[in-house]
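[1] I need the structure of the sequence given here:
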Amino acid sequence: MSKRLEDFMRMNREEFDDLEPSADLWARIEKHLPAEISVAKTQETKTFSLGFVLRVAATIVVVMGIGFAMYVRNDKKEKVDLEAINPVYAQQQIKYTSLIESKRSELKVLAKSDPQLYKDFSSQIAEMDSTYKQLNSDLATSPNQERVLHEMIRNLQIQTQVLNQQLKVIGQMNDMKKEQQNESKNI
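    Next up, the predicted model:
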């Protein structure tokens, strides 16, 4: 039966194509639709004017420009020329900072064998490091910058001493573990 219907449609295709809906058909259908749907349809077709879009774009550019200017201004405030304050202290600051970084990387090896001890050691260094960062932020506004820089160096020296002690403790613990292993092998 479907085959006969298809054949009929193919043979009479031209007669079907000449019938078109009347021009006012959509208007009659819209009358029967609820009011909410027709309001939603008219709202969907709203577009923004070019003036509105340009004002929004200009506002965004101004806000971004102000934000960038504030960022650059704050970035310049935080940088203090340590060489101008005291060249010797500036060199010591570089030396101790690099020394601390190398000692911290040695200490990270401990994290694998004894994570709890590493956590304790790291918390001690983190406290001293936060004090150093506070001193560094105070440096820019301090009336006696050389004294603050001296305290920063002193803090770095103490951090270095603590890291050396921590590494020494780790070395002793590793030696004790090796001795215990050797004694257990000999038994």
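[2] quick check: mean pLDDT of stretch 131-138?
    Averaging pLDDT along stretch 131-138 yields 87.
[3] what are the buried residues along it?
    Neighbour-count burial for stretch 131-138, counted by 16 or more other C-beta atoms under 10 Å, picks out 132, 135-136. Using the backbone N, CA and C atoms, a C-beta is placed for each residue, glycine as well.
[4] ok, so of those, who is nearest residue 51?
    Using C-beta to C-beta, residue 136 comes nearest to residue 51 of the buried residues of stretch 131-138, at 49.4 Å.
[5] the closest one and residue 145: what is the separation?
    Applying C-beta to C-beta, to the nearest Å, the value for residue 136 to residue 145 is 11 Å.
[6] domain assignment for this protein?
    For the chain, the structural domains run 21-79, 81-186, going by automatic domain parsing.
[7] mean confidence score for the shortest one?
    What it means is domain 21-79. Rounded mean pLDDT across domain 21-79 is 75.
[8] just want the most central residue of the chain.
    Geometric centre of the chain, nearest residue: residue 71, 16.4 Å, by C-alpha atoms, centre = their mean.
[9] on that earlier part again, the buried residues of stretch 131-138 in strands, which ones?
    Nothing among the buried residues of stretch 131-138 maps onto strands, per DSSP state E.
[10] contacting residues around stretch 112-129?
    If you take C-beta atoms under 8 Å, 6 or more residues apart in numbering as the criterion, stretch 112-129 is touched by 104, 107-108, 110-111, 155, 158-159, 162-163, 166, 170, 173-174.
[11] rerun that using 10 Å as the cut-off
    Outside stretch 112-129, the residues within contact range by C-beta atoms under 10 Å, 6 or more residues apart in numbering are 100, 103-104, 107-111, 155-156, 158-159, 162-163, 165-167, 169-170, 173-174, 177.
[12] in it, which residues are buried?
    Applying a neighbour-count criterion of 16+ other C-beta under 10 Å, one finds 117-118, 121-122, 125, 128-129 buried in stretch 112-129.
[13] what helices or strands is the helix ranked longest in the chain leaning on?
    If you go by DSSP state H, the chain has its longest helix at helix 145-186. Packing contacts for helix 145-186, counted by 3 or more C-beta pairs under 10 Å, 6 or more residues apart in numbering; DSSP states H and E, involve helix 82-85, helix 87-108, helix 110-113, helix 115-139.
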